[in-house]
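Participant: kindly generate the corresponding structure for this input.
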Amino acid sequence: MPIHPIDPILISMPESLKSSRLLIRAALWGDGAAVNEAVRESTAELSPWMPWAQHIPSVEESEASIRKSRLQFLDRSDIRLLLVHKETGQLVGSSGLHRIDWQVRKFEIGYWVRTSCAGQGYITEAVAAITDFAVQELQANRLEIRCDSRNTQSARVAERAGFTLEGILRNDKLDVQGALRDTMIYSKVRGADY
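Facilitator: Residues are numbered from 1 along each chain as shown. Predicted coordinates:
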């Protein structure tokens, strides 16, 4: 079946979706303080893997990042999603659909969890909900999760969410220290996995 191109700006997208415990929603102006608090709490766990976590941001830097994410959500170039606990309203972490190829309908799911919420299944729950949303609402043909081959926690999320390890790209990127690292690529593809 041929794929017909569409201008992504015309794609209707809800502002939020829900899982059993989470409200998964687009970033909004004013979310910077909550994101900043979560990042500050979690710097030790995030900094080995996330280039953006190499220094502790100011609240203004976090707000600027949120505002840029809001604009990218509106033009559909990147879909940053905040994970908010439905009962407490606490920011649990962040996820989203990144490195989007609208022609192919290919998306990469990224994620992080704040330290106080780690090990409770929130990210696996969010990845499952975002995967379902991408398949059902965005007609995803391919979903990927990529992570440093040493990041076993991230890899376990991909495996629990039913993604298949396609391979490991050797010397694919520089890690946060500037050394070469290998990248694991997990995927789900239409026709094989759903």
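
Participant: what is the mean pLDDT for the helix or strand hosting Ile130?
Facilitator: Using DSSP states H and E, Ile130 falls within helix 122-136. The average of the pLDDT scores along helix 122-136 is 98.

Participant: relative to helix 122-136, how tilted is the helix or strand that comes right after it?
Facilitator: Using DSSP H and E, the next helix or strand after helix 122-136 towards the C-terminus is strand 142-148. Angle, strand 142-148 to helix 122-136, by axes from the mean of the first three to the mean of the last three CA atoms, to 10 degrees: 150 degrees.

Participant: using PDB, list the CA coordinates for the next helix or strand after strand 142-148.
Facilitator: Next helix or strand after strand 142-148 toward the C-terminus (DSSP H and E): helix 152-160. Output of helix 152-160 as PDB, limited to C-alpha atoms (Å, rounded to 0.1, in the frame of the first residue of the first chain):
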ATOM      1  CA  THR A 152      20.400  -1.700  31.200                       C
ATOM      2  CA  GLN A 153      17.400   0.000  32.900                       C
ATOM      3  CA  SER A 154      16.300   1.600  29.600                       C
ATOM      4  CA  ALA A 155      16.800  -1.600  27.700                       C
ATOM      5  CA  ARG A 156      14.600  -3.500  30.200                       C
ATOM      6  CA  VAL A 157      11.800  -0.900  29.700                       C
ATOM      7  CA  ALA A 158      12.000  -1.700  25.900                       C
ATOM      8  CA  GLU A 159      11.900  -5.400  26.500                       C
ATOM      9  CA  ARG A 160       9.000  -5.200  29.000                       C
END
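
Participant: what's in contact with helix 152-160?
Facilitator: Trp49, Tyr111, Ile123, Thr124, Val127, Ile145, Cys147, Asp148, Ser149, Leu165, Met184, Tyr186 (CB atoms under 8 Å, 6 or more residues apart in numbering). C-beta here means a position set from N, CA and C on the backbone, and glycine is covered the same way.

Participant: thought Gly162 was touching the fourth one, still the case?
Facilitator: This points to Thr124. No: when contacts are counted by CB atoms under 8 Å, Thr124 is not listed as touching Gly162 (10.0 Å).

Participant: got a winner among the contacts of helix 152-160 for most neighbours?
Facilitator: Of all the contacts of helix 152-160, the most densely surrounded is Ile123 (27 neighbours; neighbours counted as other CB atoms under 10 Å).

Participant: from Leu71, how far out is that residue?
Facilitator: Counting by CB to CB, to the nearest Å, the gap from Ile123 to Leu71 is 25 Å.

Participant: and for Arg21?
Facilitator: Arg21 is 29 Å from Leu71, by CB to CB.

Participant: those two: who's more crowded?
Facilitator: The neighbour count for Arg21 versus Leu71, taken as other CB under 10 Å, is higher for Arg21 (17 against 12).

Participant: leaving out chain neighbours, which residue sits closest to the more buried one?
Facilitator: Leaving aside its chain neighbours, Arg21 sits nearest to Lys86 (6.0 Å; criterion: CB to CB, 6 or more residues apart in numbering).
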